[in-house]
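**Student:** Got a predicted model here, sequence first, then my questions.
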Amino acid sequence: MPTKDRKVRKKRGSRTHGWGQVGQHRSGGGRGGHGKAGYDKHKWTYVLKHDPTYWEKKGFVSTKALGRKVNVINVGKLDDLADKLESEKNLEKREKKIFLDLESLGYDKLLGTGEISKPMLVKVASYSEAASRKLEEAGGQILKEKE
């Protein structure tokens, strides 16, 4: 590209090079600030369009929590689970009560939502207070030790 045809050569001697008042092309005023300035005030629409995750939380996650998903079941679902196992002929009984080994069925925790009508013996890794209370009211219990 020949030097004589460049725009800057044509603007030599004009003081502002076509940018109006002196200093207009120097500072960030015409752009709403330099860089990321104003993203939370007047440039927020730009951020939403180009990077909607800008304000989302980022950072470290404890390695203990990675890949861990607690599979929960509520007390109200135990009756249905017992009926399903009975229809599949996989239901185990101990002491004339239904025995459910939730650990082998893939559940990690028993929660207390719902009602239970049958007395059951339940083996589970962890449980809530409400779940324990409701099982005992129905005549069952939670087995704590390994069997």
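**Tutor:** Yes, it's here.
**Student:** now the helices for the protein?
**Tutor:** Assigned by DSSP state H, the chain shows helices spanning 7-10, 44-50, 78-87, 129-137.
**Student:** who wins for proximity to Val61 among the ones you listed?
**Tutor:** Closest of the helices of the chain to Val61 is helix 44-50, at 24.2 Å (criterion: CB to CB). Yep, even glycine has a C-beta here, placed from its N, CA and C like the rest.
**Student:** Can you list the buried residues in that closest one?
**Tutor:** Val47 (16 or more other CB atoms under 10 Å).
**Student:** What lies in contact with that helix?
**Tutor:** Applying CB atoms under 8 Å, 6 or more residues apart in numbering, the contact partners of helix 44-50 are 39, 54-55.
**Student:** what about 7 Å?
**Tutor:** For helix 44-50, the surrounding residues in contact (CB atoms under 7 Å, 6 or more residues apart in numbering) are 39, 54.
**Student:** Can you give the distance of that helix from its chain's centre?
**Tutor:** Put simply, helix 44-50 sits 24 Å off its chain's centre (CA atoms, centre = their mean, to the nearest Å).
**Student:** repeat for stretch 21-34
**Tutor:** Per CA atoms, centre = their mean, the centroid offset for stretch 21-34 relative to its chain is 42 Å.
**Student:** Need the contact partners of it.
**Tutor:** Contacts with stretch 21-34, where a contact means CB under 7 Å, 6+ apart, come from 15-16, 19, 38, 42-43.
**Student:** Next, the distance between the ends of it.
**Tutor:** 20 Å (CA to CA, to the nearest Å).
**Student:** can I see the domain layout of the protein?
**Tutor:** Domain assignment of the chain by automatic domain parsing yields the ranges 31-60, 72-143.
**Student:** looking at these, which is buried most?
**Tutor:** Most buried of those, by mean neighbour count (mean count of other CB atoms under 10 Å): domain 72-143, with a mean of 16.
**Student:** Any chance of TSV for the helices of the chain, columns mean pLDDT and distance to Lys109?
**Tutor:** Shown next, in TSV, are those (pLDDT from 0 to 100; distance: least, CB to CB, whole Å):
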stretch	mean pLDDT	distance to Lys109
helix 7-10	88	70
helix 44-50	89	39
helix 78-87	91	13
helix 129-137	94	9
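**Student:** Include distance to Val122 when you put these into TSV, please.
**Tutor:** What follows is those, written out as TSV (distance: least, CB to CB, whole Å):
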stretch	distance to Val122
helix 7-10	81
helix 44-50	49
helix 78-87	7
helix 129-137	6
